[in-house]
Every structure is written in structure tokens, then in C-alpha cells.
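A.B. asks: Structure of the sequence below:
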Amino acid sequence: MYSKGIMSMASENDYLKKVLFTNEELNEFINIKIINSVETIVQKADMAEKKAAVFVHLYYEELIPFCINYILSIPEEIDIYISVVTEKMKKQIGDILAGKVNHKIRIVLKENRGRDISSLLVTFRKKIVNYQYVCFIHDKGISGNNTKEDTEIWMKTLWDNLLRDKTYISNLLYLLDENKALGLLVPPIPYGIKLNCAFDDLWGGNYENITELANKLDINYCIKRDSNAYSISTAFWCRTEAFKKIFDKEWVYEDFPDEPMPIDGTLNHAIERILTYTAFGAGYNVSMVMNDEYAARQCENMYKLLGLSFKVLRQISVDNIEQLIGVQRKLSNCLEYAVNKGKVYIYGAGKKGIECYAYLAGNKNIEILGFIVSDGQKAVNTSHLSPIYELSELSNSIINHGLIIALNDINAKSVLPILKENGITDYFLY
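C.D. replies: Next comes the predicted model:
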């Protein structure tokens, strides 16, 4: 139900939440806040006391009209700052806004280095720390495998859930003001036909970069690889105190990579993913925020996608959420076992063994030494990426390494007694 225009989905189904998340995951659970964009719940007189500002970085000239529509919807009590990289864009935006807004507004020319991150941490850092609440947002061009439609979805998801309209923004500020423990509001992670960030590993190639950055900034929070980087894209509303560790550093443009910037693994990619952990480390909670219309659409879409997913999952005997969670946790435990061992053999060279190999092979912390088959079975398993050994060839050396048994239930039951006879008791059942 709505409470003063804001609904939380954190406890709508506590039973399902406990099934979906471990206790450790619940400690950094990001509640979803759905904000009403119809009824205003904070008066204008109160807005001026919030000391809030919106900071925008714009790079793509063709996206100016889209972004301006949202900028014009910002309540006039909120200050606006816009950074661009060309005099042409600065003049164009100034001409469009002239006479249309009553805000305190500044359009700033910045160095074309570091993109939106340097806008946040170099161009505007000293301004940002003077405000209690801040929104930062930026545009986005087509990149990688994303289609034009996917990029439009990305933009719409960010801007419509952070700066939808005056009423929405007012209610969002009310949410921050009423919840003193709330430090950061992030938009939903966008997804489209080819845009799969919402269902993917959000670390990319950045986990090591992020932990290194956390140490340099003295962010007091344990960032675990098997959790996820709850936000991507530097777009958010925050209580500036939650980002004190980031804003205290004297950033310069030279800290950031020059153009053309690599598609992954840079300081920029680390900073956009470290934001939630910075807030956690400062003792604040984080919420994902969305408008009510978006939430209704996504609920319908997710039901359809979940139905389609289970049609596929039934082909591997996953019929319900309990079974799906079981598979996910088995894979997670298998990965943990293999990483701890460092070097592993896979017992089983059939379909399940190949599946296990594909799951582990991309991890640089794991060396797959080869496949093992029962004695007499080597001749029927000839085409593999790793060597194939019969058990009798390796029974002594297996003890020194990890062993993952990737067999069906019947074959696994017949193999386990043989392993015990050979003194092999340390293994993982895949």
C-alpha cells in the first residue's frame, strides 16, 4: 500500500525473500521504492530547505532535446548544473533554456576526459559538497552490441526514474528527508532485447579494480565477488554525506583515461560500480527507486520473461523457483570449491562434464587439469578441450588437487565407492 505517496516492496513477501536471499545477502538487500507521481507530498516551502541540486553531464548533441524535457521538469527550488565539452553545446543548451526556467542554473565547459565521472568528481565536486541532496545523471550513446532501441531504453530508465516530473522529484526528496538512514537511490538496471545488464554479472572485468579503489579511498566495507555491483551507470540521488569518502579526494582530470576510453576495466568503470558500497561503508542504506507506471510495466514484463525462462529451464528439469535456487547455489558452491583448490580435475566427460567445464573454464583463478573417466572408458571420449585420463592413471595425484564429479546420479553412485577405495574423499558433487 502507499504511505504518503511512497510504497516499499522490501517486505511484501517475506517468505519468498528469505528463500531468494541468504542472510548475508539480506544484510545488503536493496529495497525497491515505488514513488507516486500523481500526488505531491511535500510543500514548496519545504523544498527550499532541502538544499538540493541536479548535476547533469551531456555529450551527445542529438540527445539534448530528450534531456531538456526532463531538466525543465525539475522544481525551481532545486539548483541545476550542466557540463558539456563543446562551446556549441553550451550555447545551444543556453539558448533553449533562456526564459524557460527560474532556477539557479549553470552551464559549464569541461575537459573532454573522464566523461561523466570526471564531471561528477572534478568539474562539480566542490559544488556538490555544498548541498545536502544531489542528483547526478548523464546521457548515453550507442555502444557495443546495444541497439538504438536498447540505448533509448537505457536513457528512459535512468531519466524517467530519477527526474520524471516535479511531483515525482518532490516525493523522492521527501523519501530521502524522512529516512535518515537512506544514503543512495539508484534507478533500476536497464534491460532490452540485447541489453542484458539486469541479468548479468555486473562486475564485468572490474572486481579487482573496485577492491583496489576501495582500499585507496578507505571505504570500510567488505566487497565480495559473489555479490553483485548493484548499480551501473553513474545516475542516482544521494545524501552527499554518504559519498564523503569519494568527495574528500582531490580528483583531477589526469586521474581518468584519455579518449578513446577502453570499453571496460578503467577507473571510470570501477567508480560507477563502487557507489553502493561507498554508501554501505558510510553506514547508509541503499534503495532502488522507480515510478509507479514504470513499476507496473516491468511487473508485467517480468512475468512474461519468467514464463519464457521456465519453458527453457524445464528442458533441464528446473520446474520451479526452489529448483532454480538449488541450481544457482550448487553452481556457486562448485565455483567456490574450484577457486579454493586452484587446480581441479572433472570426473565425467559426457554432457554434464562439458557443462561443468564451460562453467569453470573462464575463471582465471581455476586451472582445469583434465577430464577423468572410469577405466576402460577413455576410448569412447576423444574430442575435448582438456586431456582425458582414466582413473587408474591419476589415482595418486588426484589427492593433491580438487575433484569435481560431473556425472548423473546413477553413475555417481557407482563411482563414489571406487574413489573411497582409492583414498579419495575430497570432492565436489556437481
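
A.B. asks: Could you check how many residues crowd around Lys304?
C.D. replies: Burial measure for Lys304: 9 neighbouring residues, criterion other Cβ atoms under 10 Å. To be clear about C-beta, it is placed using only N, CA and C from the backbone, and glycine gets the same treatment.

A.B. asks: Over to Asn365?
C.D. replies: 12.

A.B. asks: What backbone torsions are found at it?
C.D. replies: Torsion angles at Asn365 (phi, psi; degrees, to the nearest 10) stand at phi -90, psi 0.

A.B. asks: Quick check, it in contact with Lys341.
C.D. replies: No. Counting by Cβ atoms under 8 Å, Asn365 sits too far from Lys341 to count as a contact (9.9 Å).

A.B. asks: In the chain, where is pLDDT below threshold?
C.D. replies: Within the chain, the stretches with pLDDT under 70 are 1-30, 37-50, 143-146, 198, 228-230, 379-385, 395.

A.B. asks: most remote residue from it's center?
C.D. replies: In the chain, the greatest distance from the average C-alpha position (Cα atoms, centre = their mean) is reached by Gly376, at 47.5 Å.

A.B. asks: I'd like to know how far that one sits from Gly423.
C.D. replies: Between Gly376 and Gly423 the computed distance is 21 Å (Cβ to Cβ, to the nearest Å).

A.B. asks: ditto for Trp251
C.D. replies: Per Cβ to Cβ, Trp251 is found 57 Å from Gly423.

A.B. asks: Between these two, point out the one with more neighbours.
C.D. replies: Using other Cβ under 10 Å, the more surrounded residue of Trp251 and Gly423 is Trp251, with 19 against 11.

A.B. asks: before we move on, which element is Ile219 in?
C.D. replies: For Ile219, there is no host helix or strand (DSSP states H and E).

A.B. asks: In contact with the closest residue to it other than its chain neighbours: list those residues for me.
C.D. replies: Spatial nearest neighbour of Ile219, chain neighbours left out: Gly281 (4.4 Å); criterion: Cβ to Cβ, 6 or more residues apart in numbering. Gly281 makes contact with Ala214, Ile219, Asn220, Tyr221, Lys245, according to Cβ atoms under 8 Å, 6 or more residues apart in numbering.

A.B. asks: which residues touch the residue nearest to the last one when sequence neighbours are not counted?
C.D. replies: If I follow you right, that is Lys245. Spatial nearest neighbour of Lys245, excluding adjacent residues (Cβ to Cβ, 6+ apart): Leu217 at 4.9 Å. With contacts defined as Cβ under 8 Å, 6+ apart, the neighbours of Leu217 are Lys245, Ile246, Lys249, Ile274, Thr278.

A.B. asks: And those residues, which two are furthest apart?
C.D. replies: Greatest spatial distance among those (Cβ to Cβ): Lys249 and Ile274, at 12.3 Å.

A.B. asks: Counting neighbours, go ahead and name the busier of the two.
C.D. replies: Ile274 (25 against 13).

A.B. asks: which residue ranges form the strands in the stretch 151-300 of the chain?
C.D. replies: Along the stretch 151-300 of the chain, the segments classed as strands by DSSP state E, counting those that start in this stretch run 182-186, 236-239, 285-291.

A.B. asks: partners of the first one, with directions?
C.D. replies: Paired neighbours of strand 182-186 in the sheet (DSSP bridges): strand 236-239 (antiparallel), strand 285-291 (parallel).

A.B. asks: after the helix or strand harbouring Ile354, next one along is what?
C.D. replies: Using DSSP H and E, Ile354 sits within helix 351-360. Later in the chain than helix 351-360, the nearest helix or strand by DSSP H and E is strand 367-373.

A.B. asks: Can you tell me the strand partners of that following strand and which way each runs?
C.D. replies: Counting by DSSP bridges, strand 367-373 is paired with strand 343-347 (parallel), strand 388-390 (parallel).

A.B. asks: picking up where we left off before, so for Arg164, which of the strands paired with strand 182-186 sits nearest?
C.D. replies: Arg164 lies closest to strand 285-291 among the strands paired with strand 182-186, at 5.0 Å (Cβ to Cβ).

A.B. asks: got the residue ranges for the helices in the stretch 151-300 of the chain?
C.D. replies: Secondary structure of the stretch 151-300 of the chain (DSSP state H, counting those that start in this stretch): helices located at 166-178, 207-216, 244-247, 267-281, 292-313.

A.B. asks: Which residue, other than its chain neighbours, is closest to Pro188?
C.D. replies: Pro188's closest residue in space is Met290 (Cβ to Cβ, 6+ apart), at 5.4 Å.

A.B. asks: and that neighbour, what does it touch?
C.D. replies: Contacts for Met290 were tallied using Cβ under 8 Å, 6+ apart; they are Ile32, Lys33, Ile34, Ile35, Asn161, Pro187, Pro188, Gln298.

A.B. asks: In ChimeraX, how would I select just the buried ones from the residues you listed?
C.D. replies: Listed next is the ChimeraX selection for buried residues among the contacts of Met290, using 16 or more other Cβ atoms under 10 Å:
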select :33,34,35,161,187,188,298
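
A.B. asks: Next, count neighbours for Tyr207.
C.D. replies: Neighbours of Tyr207 under the rule other Cβ under 10 Å: 17.

A.B. asks: these two touch, right, it and Asp226?
C.D. replies: No. In this structure, Tyr207 is not within contact of Asp226 by Cβ under 8 Å, at 10.1 Å.

A.B. asks: by contact count, what packs against the helix or strand containing Tyr337?
C.D. replies: Counting by DSSP H and E, the element that carries Tyr337 is helix 321-341. For helix 321-341, the contact count by 3 or more Cβ pairs under 8 Å, 6 or more residues apart in numbering; DSSP states H and E identifies helix 14-20, helix 351-360, strand 402-405, strand 428-429 as packing neighbours.

A.B. asks: contacting residues around the closest residue to Leu419 other than its chain neighbours?
C.D. replies: With sequence-adjacent residues excluded and distances taken as Cβ to Cβ, 6+ apart, Leu419 is closest to Tyr427, at 6.7 Å. Going by Cβ under 8 Å, 6+ apart, Tyr427 touches Tyr347, Gly402, Leu403, Ile404, Ile405, Leu419.

A.B. asks: and Tyr427, what are its phi and psi?
C.D. replies: Backbone torsions of Tyr427, given as degrees, to the nearest 10, read phi -150, psi 170.
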